[in-house]
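Enquirer: requesting a structural model of the entry that follows:
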Amino acid sequence: MAIRHFLDIWQMEAGELRAMLDEAHAMKAARRGWPKGRVDEGAPLDGHILAMIFEKSSTRTRTSFDVGIRQLGGSSIVLNSGDMQLGRGESIGDTARVLSRYVDMVMIRANDHGDVEDFADAAGVPVINGLTDRSHPCQIMADLMTLEENGLDLKGARLAWVGDGNNVCSSFIHAAPKFGFTLAVGTPDRYAPDDDDIDLARELQGKVELYSTAEDAVAGADVVIADTFVSMGDIDADERLEELEPFAVTEELMDLAQPGAKFLHCLPAHRGEEVDSEVIDGPNSLVFDEAENRLHAQKAIMRWCLDK
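Expert: Next up is the predicted model:
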């Protein structure tokens with residue numbers, strides 16, 4: 001059987017993604033009231049080892065994958081950038097081949113998306129994209145799970161992304177045709193999403209609309225999504241903050257969305273920059289449900305990768 005990598009949502013079949021979300025919902029429900037360290041019924045990944053490679057710092061990705069593999073009955077090892085650097089000293093291909101002899105699965109949080117693709121090409125075990133400069137598919141699976149468990153039918157829903165058309169935005173664009181929602185993206189021209197992502201989504205019959213103001217993007221939305229204006233590795237912080245300021249999510253902006261519209265943010269957040277405290281700490285904010293659901297969504301992804 002072909003190795004099952006989880007690198008980008010656009011590469012996946014809609015049915016596979018749907019099955020992962022269903023599995024995530026079921027596993028979360030089955031654990032309700034349990035202590036966090038208790039192993040899932042049947043220990044589906046008993047005896048399996050996950051290697052986690054981090055070229056960027058991480059709170060949610062590291063913790064959720066570590067706890068997730070343990071709840072599934074497996075174990076993990078962590079390799080930080082100080083321990084190894086992909087492509088430096090040893091080729092990416094050789095690193096992938098060696099690790100494939102030691103572990104059953106690899107999750108990579110990398111600076112360069114191409115490095116993850118090269119690693120997967122050479123690996124003999126499944127590889128999961130834990131975030132790159134181009135995409136963050138695990139985050140989007142957790143976000144969509146969160147919206148569903150809060151009563152939103154994704155098919156036909158209207159999601160609005162405002163701010164920087166970054167890697168998280170790209171993965172939402174990839175997800176739009178797979179789940180049948182409309183994605184309205186509001187960004188300054190300078191920080192618009194990559195044209196290739198837009199073209200890809202539209203080739204897959206995805207509904208992606210581009211706007212130059214936050215107000216136009218948010219109008220009538222069921223969900224409003226934001227992310228930090230300055231990401232890891234950005235060197236133009238002052239310019240970004242100035243140009244993206246009109247795209248901050250305020251209570252006034254949320255008023256343009258549907259009544260009761262939900263707010264998402266993958267965290268870490270900077271209150272007073274991309275979102276006001278009244279929104280992110282308000283009753284329609286789902287940000288901490290999102291954070292928790294990284295755990296459950298990624299458990300489903302790991303089980304899919306290993307066909308367990």
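Enquirer: got the domain ranges for the protein?
Expert: 9-136+294-306, 151-285 (automatic domain parsing).
Enquirer: first to last residue in the first one, what's the distance?
Expert: What it means is domain 9-136+294-306. Using Cα to Cα, to the nearest Å, the end-to-end distance of domain 9-136+294-306 comes out at 17 Å.
Enquirer: same check on the last one?
Expert: End-to-end distance of domain 151-285 (Cα to Cα): 14 Å.
Enquirer: one step back: looking at the domains of the chain, which is nearest to residue 3?
Expert: Across the domains of the chain, residue 3 has its closest neighbour in domain 9-136+294-306 (5.7 Å, Cβ to Cβ). Where C-beta positions appear, they are placed from N, C-alpha and C, glycine not excepted.
Enquirer: now do that closest one: distance to the chain's middle.
Expert: 12 Å (Cα atoms, centre = their mean, to the nearest Å).
Enquirer: would you convert the domains of the chain into JSON lines that also reports mean pLDDT?
Expert: Output for those, formatted as JSON lines (pLDDT from 0 to 100):
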{"stretch": "domain 9-136+294-306", "mean pLDDT": "95"}
{"stretch": "domain 151-285", "mean pLDDT": "95"}
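Enquirer: in JSON lines, list these along with distance to residue 145 and mean neighbour count.
Expert: Output for the domains of the chain, formatted as JSON lines (distance: least, Cβ to Cβ, whole Å; neighbours: other Cβ atoms under 10 Å):
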{"stretch": "domain 9-136+294-306", "distance to residue 145": "5", "mean neighbour count": "18"}
{"stretch": "domain 151-285", "distance to residue 145": "10", "mean neighbour count": "18"}
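Enquirer: now distance to residue 144 too, for these, in TSV please.
Expert: What follows is the domains of the chain, written out as TSV (distance: least, Cβ to Cβ, whole Å):
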stretch	distance to residue 144
domain 9-136+294-306	6
domain 151-285	6
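Enquirer: longest helix of the protein?
Expert: Scanning the chain for the longest helix, with DSSP state H as the assignment, gives helix 287-306.
Enquirer: list the helices and strands that helix packs on?
Expert: helix 14-30, helix 60-71, strand 105-109, strand 127-131, helix 137-149, strand 262-265 (3 or more Cβ pairs under 8 Å, 6 or more residues apart in numbering; DSSP states H and E).
Enquirer: so for residue 121, which of these sits nearest?
Expert: Relative to residue 121, the nearest member of the helices and strands packed on helix 287-306 by Cβ to Cβ is strand 127-131, separated by 9.1 Å.
Enquirer: do a quick rundown of the helices in this structure.
Expert: Using DSSP H, helices in the chain cover 14-30, 60-71, 92-102, 113-122, 137-149, 167-179, 195-203, 214-218, 237-244, 251-254, 277-280, 287-306.
Enquirer: TSV for the ones you listed, including distance to residue 229?
Expert: Listed next are the helices of the chain as TSV, based on distance: least, Cβ to Cβ, whole Å:
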stretch	distance to residue 229
helix 14-30	29
helix 60-71	19
helix 92-102	31
helix 113-122	21
helix 137-149	17
helix 167-179	12
helix 195-203	20
helix 214-218	12
helix 237-244	4
helix 251-254	15
helix 277-280	14
helix 287-306	16
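Enquirer: can you tell which of the ones you listed is closest to residue 39?
Expert: helix 60-71 (6.2 Å).
Enquirer: who does that closest one touch, helix- and strand-wise?
Expert: strand 49-54, strand 75-80, strand 105-109, strand 127-131, helix 287-306.
Enquirer: okay, which residue is most central for the protein?
Expert: For the chain, the residue sitting closest to the mean C-alpha position, by Cα atoms, centre = their mean, is residue 139 at 1.7 Å.
Enquirer: tell me who's in contact with it.
Expert: Neighbouring residues of residue 139 by Cβ atoms under 8 Å, 6 or more residues apart in numbering: 131, 168, 171, 266, 294.
Enquirer: ok, now which ones touch the first one?
Expert: Contacts were defined as Cβ under 8 Å, 6+ apart; by that measure residue 131 touches 56, 58, 61, 109, 110, 138, 139, 167.
Enquirer: at 7 Å what do you get?
Expert: For residue 131, the contact set (Cβ atoms under 7 Å, 6 or more residues apart in numbering) comprises 56, 61, 109, 167.
Enquirer: residue at max distance from the center of this structure?
Expert: Outermost residue of the chain (Cα atoms, centre = their mean): residue 89, 30.0 Å.
Enquirer: now residue 183: how far from residue 109?
Expert: 24 Å (Cβ to Cβ, to the nearest Å).
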